[in-house]
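Colleague: just a sequence and a predicted model for now, questions to come.
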Protein chains: 2
Amino acid sequence: MNKIEPTILKGTRDFLPQEMMRRNAVMEIIRKAFEQFGYSPIETPIICPAETILGKYGEEGDRLTYSFKDRGGRLIALPYDLTVPFARFVAANYQDLPMPFKRYQIQRVWRAEKPQKGRLREFYQCDIDIIGSKSLICEAEIAKIIVSVFERLRIPNITIKVNSRRLMNAILQSFGIDQNDSLAVIRIIDKIAKIGKEAVISELRKMGIDNAEKIIATLTPEGTNKSTLEKISKYDIAELKEFLSYCTDLGVPEKNIQIDPTLARGLDYYTGLTFEVISEDADFGSICAGGRYDNLCGLFSDKDFSGVGVAFGFERIMLLLEQLKITGNGKAPSQVIVTIFDENSVKDALQTYSKLIEANIATEIYFEPDKLSKQFKFADKKQIPFVLIQGPEEREKQEITIKRLQNGKQKTIPVNQLVSYLSNYYEAQ
Amino acid sequence: MNKIEPTILKGTRDFLPQEMMRRNAVMEIIRKAFEQFGYSPIETPIICPAETILGKYGEEGDRLTYSFKDRGGRLIALPYDLTVPFARFVAANYQDLPMPFKRYQIQRVWRAEKPQKGRLREFYQCDIDIIGSKSLICEAEIAKIIVSVFERLRIPNITIKVNSRRLMNAILQSFGIDQNDSLAVIRIIDKIAKIGKEAVISELRKMGIDNAEKIIATLTPEGTNKSTLEKISKYDIAELKEFLSYCTDLGVPEKNIQIDPTLARGLDYYTGLTFEVISEDADFGSICAGGRYDNLCGLFSDKDFSGVGVAFGFERIMLLLEQLKITGNGKAPSQVIVTIFDENSVKDALQTYSKLIEANIATEIYFEPDKLSKQFKFADKKQIPFVLIQGPEEREKQEITIKRLQNGKQKTIPVNQLVSYLSNYYEAQ
């Protein structure tokens, strides 16, 4: 029979134990942070009616969404992000939710992109959102959580870029750009970090915007947040000012926040403040992003709720941790392995194994009698600290040998002292 | 604009915080059990090349697999279970794995079935598998873990039904059933628990098997494991006997194991012992099932590894826990909520919030000044035990009031004692 290639799709990944344990540890840190700020977990389906996903991310978003017909002819889509499914979730369940509702959600999402560094087709996002409050305290809380998450992950030098969609629209309008064109213009400006000022100006000119240079100059004042706000003070900057003041009250360090009037975020659904978090140490895009969306739930319900939130890009965070060599430990779950000396040792080995498991000691057994050297090598590969050996002599004396692989030291003790010996060791740790 | 219905597909589900927290708690118990026995976590992709999924579950399995073409014309499939993706994973990664390799995997899988009680289209499985050892100690360990998991979940009265594919084939052969027909016959016998002996006999007769009654009589001897084995002792029952002896050594209670010569498990890939766990208290099918598969990795690789494992049906376990009223607590993550008395209280409230978060106390803030009664109601809905209030009087005296919602008691203390007051409370818990 022909072998099937054991391949996976480009942009998707297999996670081996070492990496998986590192990922789980990082996810746990993020989850703990979210819960400490009072966010509750929810989960939404992966296979979704296509109309609940498509048409909310602009043309490019639709193009990048995985969608297909099921056998019944129903059009299905896989989530492109977790924000739109959350808006749908709120519209369906708001009567059972405490409002304002704060949720976190950690799931995979999909994008039919060309895979590259920091860009996968299947990846995890870790989202927090607050729905049902228009208070700018929400935005400040989000900034506080962002700082807290990256602090807990020991990732230094992060900057939260902040902008206001309303402000950007007002600036564009003051330069004579029609409201109908502004989304297209914003999408071009969004590329400024990627392709540079010059290229953006030339693209805008191609659209027939002659004063492109002036627009970009206004949008890129540079300097401190204070001086930036001063330079654009003829526009309505009350929103940004209020946000900054709440951030100060919450103890968000000023150095972590940067007002950036060019920040656009390509997505169509943002209406208020937008966020993008970058790291000085990352050679790829943002590691966290989001903003306020006033009308997203309204797509699904007569009841409208304003929402605000961000998605932490889990895969990019893992990449960054690796680059920063903050990788953590991916150690074997087991602390003890029971070897099987020979055919006659099977029964005793099984009973020892059973006893240790019942004493809540993470243990495994080597599944068949084999050369001890091979069993040691196996234990070593799995980094299991304690190896138990019971040969014929030890069996006769009702003893067992405990070998520490790390330093090769070993000790022979009566079998009936084994559990207390190992338990004491754990308590001492 | 027309509203989009906030619907989800039949057989998929939204999980609200209460249920999500219950699910997380149960998953954590299962995960801990797996890890205690030395199983390591892995994860495999959700969008897969179709050829790595299809063709391994028989015709019905293929029919129930979600598959579709992506925009590049590549045929994609979503996992039908976690065993076949694991076999593919081993073929791709065996050089980096310690052999024998024990992994656990908790992920969603999909089946395009007609949804009904205990049967969803999108659901979680919790799998353990051992690959790279033919020792029957593996099977006994699996039985031990099954008992341990259900014990930890406090689910009583479970039975592990066990059979041997080899034995079943030998019995069928002795009744003159051709090896080529045996898979079709096994699939019919597999329905015995669902449709009853009579119906199975009549279906077999339709296939032209005249001695169907005798076959079924041989396969359903009833009685204890010992008497069952005696009745079929003219066949090769060494495998089952060895398995039972290891189970005894591992302390698996005899009452939890039942040799059942009719147990077939519809899936094509099993070659050795098969398992199916049923609960006396469940009015739906099995809650855990699996078996040994000798040739599954061989589909993907020249290197062949025998494997054995089971999948715990997470959704059915949740259903059963609910029926048994073992639901656990789904409490709010927050312990404290900071209310905002009026516009003038915002700054102090934000600072209090920030201080508590920094002291690692799970806290949230109400996002805007509002009637206290409304803020209390919100706290109550979220079951947050401590509510903090600071009105103008308290603010002036640098005090703050702590109200316990459970009993309505309240206490006013100096603001600078708040953190130590709440921390002491937690330590005392």
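Modeller: Cool, the structure landed. Numbering: from 1, shown residues only, chains lettered A, B, ... in the order given.
Colleague: list the contacts of the nearest residue to residue A:317 once chain neighbours are set aside.
Modeller: Excluding the flanking residues, the one nearest residue A:317 by C-beta to C-beta, 6 or more residues apart in numbering or on different chains is residue A:287, at 5.7 Å. For every residue, glycine as well, the C-beta is placed using N, CA and C. Counting by C-beta atoms under 8 Å, 6 or more residues apart in numbering or on different chains, residue A:287 touches A:158, A:277, A:278, A:279, A:312, A:313, A:316, A:317, A:320.
Colleague: so which of those sit within helices?
Modeller: Among the contacts of residue A:287, the residues falling in helices (DSSP state H) are A:316, A:317, A:320.
Colleague: chain B: which of these is nearest?
Modeller: Ranked by distance to chain B (C-beta to the nearest C-beta), those are led by residue A:317 at 16.4 Å.
Colleague: wait, isn't the closest one in contact with residue A:155?
Modeller: Yes - using C-beta atoms under 8 Å, residue A:317 is in contact with residue A:155, at 7.4 Å.
Colleague: these two - which one has more neighbours?
Modeller: residue A:317 (25 against 19; other C-beta atoms under 10 Å in any protein chain shown).
Colleague: so who does that one touch?
Modeller: A:26, A:153, A:155, A:287.
Colleague: quick check, the first one in a strand?
Modeller: No - counting by DSSP: H, G, I helix; E, B strand; the rest coil, one finds residue A:26 to be helix, located in no strand.
Colleague: could you measure from it over to residue A:32?
Modeller: 11 Å (C-beta to C-beta, to the nearest Å).
Colleague: who has more neighbours out of these two?
Modeller: residue A:26 (20 against 14).
Colleague: who are the contact partners of that one?
Modeller: Per C-beta under 8 Å, 6+ apart, neighbours of residue A:26: A:153, A:314, A:317, A:318, A:321, A:328.
Colleague: can you list the contacts of residue A:287 in TSV and add pLDDT?
Modeller: Listed next are those as TSV, based on pLDDT from 0 to 100:
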residue	pLDDT
A:158	96
A:277	97
A:278	95
A:279	95
A:312	98
A:313	95
A:316	94
A:317	96
A:320	94
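Colleague: just the buried ones from those?
Modeller: A:158, A:277, A:278, A:279, A:312, A:313, A:316, A:317, A:320 (16 or more other C-beta atoms under 10 Å in any protein chain shown).
Colleague: what does the stretch 301-429 of chain A put close to chain B?
Modeller: Neighbours of chain B within the stretch 301-429 of chain A, by C-beta under 8 Å from any C-beta of the partner chain: A:301-302, A:332-334, A:337, A:346-347, A:350-351, A:353-354, A:357-358, A:360-365, A:367-368, A:378, A:381-382, A:384.
Colleague: in helices only, show me those.
Modeller: A:346, A:347, A:350, A:351, A:353, A:354, A:357, A:358, A:378, A:381.
Colleague: neighbour-wise, which of these leads?
Modeller: Busiest of those [other C-beta under 10 Å] is residue A:353, holding 27 neighbours.
Colleague: low pLDDT regions in the stretch 251-400 of chain A?
Modeller: A:266-267, A:328-332 (pLDDT under 70).
Colleague: apply 90 and report the result again.
Modeller: Residue ranges of the stretch 251-400 of chain A with pLDDT under 90: A:261-271, A:281-285, A:295-298, A:302-304, A:325-334, A:357-358, A:360, A:362, A:364, A:381-383.
Colleague: nearest residue to the residue in it that chain B sits nearest to other than its sequence neighbours?
Modeller: The minimum distance from the stretch 251-400 of chain A to chain B, using C-beta to the nearest C-beta, falls at residue A:364 (2.9 Å). In this structure, residue A:364 finds its nearest non-sequential neighbour in residue B:38, 2.9 Å apart by C-beta to C-beta, 6+ apart.
Colleague: over to residue A:355?
Modeller: Nearest residue to residue A:355, sequence neighbours excluded (C-beta to C-beta, 6+ apart): residue A:419, at 6.2 Å.
Colleague: element containing the one you found?
Modeller: Per DSSP states H and E: residue A:419 is located in helix A:418-428.
Colleague: list the contacts of that helix.
Modeller: A:335, A:336, A:352, A:355, A:356, A:359, A:361, A:386, A:388, A:400, A:402, A:413.
Colleague: identify the residue nearest the third one in space, chain neighbours excluded?
Modeller: If I follow you right, that is residue A:352. Nearest non-adjacent residue to residue A:352 (C-beta to C-beta, 6+ apart): residue A:338, at 5.3 Å.
Colleague: look up how far residue A:140 lies from that neighbour.
Modeller: Counting by C-beta to C-beta - residue A:338 and residue A:140 are separated by 55 Å.
Colleague: what are the ranges of the strands in the stretch 151-300 of chain A?
Modeller: Secondary structure of the stretch 151-300 of chain A by DSSP state E, counting those that start in this stretch: the strands cover A:158-164, A:257-259, A:273-279, A:288-293.
Colleague: in terms of secondary structure, what does the last one contact?
Modeller: Just to be clear, that refers to strand A:288-293. Strand A:288-293 makes packing contacts with helix A:83-93, helix A:137-152, strand A:273-279, strand A:307-313 when contacts are defined by 3 or more C-beta pairs under 8 Å, 6 or more residues apart in numbering or on different chains; DSSP states H and E.
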